[in-house]
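# coords please:
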Amino acid sequence: MPYIAILFLAISLSADAFAAALGKGAALHKPRLTEALRIGLIFGGIETLTPLLGWLLGRAASRYVEAFDHWIAFGLLLGIGGKMIWESLQRDAIAQKPQRHSFFLLVLTAVGTSIDALAVGVTLALVDANILVNALAIGAATFTMTTIGVMAGHALGTRFGKWAEGIGGLILIVIGAHILAQHLSA
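Numbers count the residues shown, from 1 in each chain. All right, here's what the predicted structure looks like:
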């Protein structure tokens, strides 16, 4: 998998975490860097682990679906990307504001925003991508985007949070179409 594709994948998967971080930052009067780093570590750590888990699941099933794995990869990315776009259009900015930033609620939010990374991990196994490079890139991008999102959330949260998730969904769809096109042209 080319490094530019890994970069776009990592950024697109961190978009929903970025959107959540904007909401978390918007709920704080003046976000502190320590809180932003804490939230970034939680989200980035979980977003690193979920594609690894998905990859393990995908490797176990890969020999059974090898003939049509590119269609599965395309379908998963299309579904995830479409869901992200749909949710970005349906989300009410007021409903996103958290009441507090407890560890448990941050973990639940991080797991919720990383389900797509689990499915992408399955896809990465099907296309035989280097999971360590991809998982670390996804985790690093999520850590960075979440930390920035919390800090910027006070000013930007209610204006741009849903657009970041929608653009991330569109990028996932483009990556899925690219995978499909590569296999169909080979």
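# pull the distance from stretch 129-139 to the chain's centre.
Here stretch 129-139 is found 12 Å from its chain centre; the criterion is CA atoms, centre = their mean, to the nearest Å.
# what do you get for stretch 148-155?
Relative to the chain's own centre, stretch 148-155 is displaced by 18 Å; criterion: CA atoms, centre = their mean.
# who touches that stretch?
For stretch 148-155, the surrounding residues in contact (CB atoms under 8 Å, 6 or more residues apart in numbering) are 17-31, 33, 35-36, 39-40, 161. C-betas here are computed from N, CA, C, even on glycine.
# quick one: least confident helix or strand in the chain?
Counting by mean pLDDT, DSSP states H and E, the weakest-scoring helix or strand in the chain turns out to be helix 69-90, with a mean of 77.
# the inter-axis angle of the lengthiest helix in the chain versus helix 69-90?
Longest among the helix segments of the chain by residue count, using DSSP state H, is helix 131-185. Angle between the axes of helix 131-185 and helix 69-90 is 110 degrees (criterion: axes from the mean of the first three to the mean of the last three CA atoms, to 10 degrees).
# could I get the average pLDDT for helix 131-185?
Model confidence over helix 131-185, given as mean pLDDT, is 82.
# all numbers from here: first residue = 202
All right, first residue 202 from here; so that's helix 332-386.
# quick one, what contacts G282?
If a contact means CB under 8 Å, 6+ apart, then G282 has 213, 369-374, 377 as its contacts.
# what would these look like in a markdown table with neighbour count?
As requested, the contacts of G282 are exported to a markdown table (neighbours: other CB atoms under 10 Å):
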| residue | neighbour count |
| --- | --- |
| S213 | 28 |
| G369 | 26 |
| G370 | 26 |
| L371 | 17 |
| I372 | 19 |
| L373 | 29 |
| I374 | 19 |
| G377 | 23 |
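# of the residues you listed, closest to L327?
When those are compared for distance to L327 (CB to CB), G377 wins out at 11.5 Å.
# next one: that closest one from T314, what distance?
Distance from G377 to T314, counting by CB to CB, to the nearest Å: 19 Å.
# swap in P252?
Distance, P252 to T314, by CB to CB: 13 Å.
# looking at the two, which is more packed in?
A count of neighbours by other CB atoms under 10 Å puts P252 above the other of P252 and T314, at 33 against 26.
# before we move on, back to that, which of the contacts of stretch 349-356 count as buried?
With neighbours counted using 16 or more other CB atoms under 10 Å, the contacts of stretch 349-356 contain these buried positions: 218-229, 232, 236-237, 240-241, 362.
# keep only those of those that are in strands.
With DSSP state E as the criterion, strands contain none of these.
# take these and keep only those in helices.
The subset of those that ends up in helices is 218-228, 236-237, 240-241, 362, with DSSP H as the criterion.
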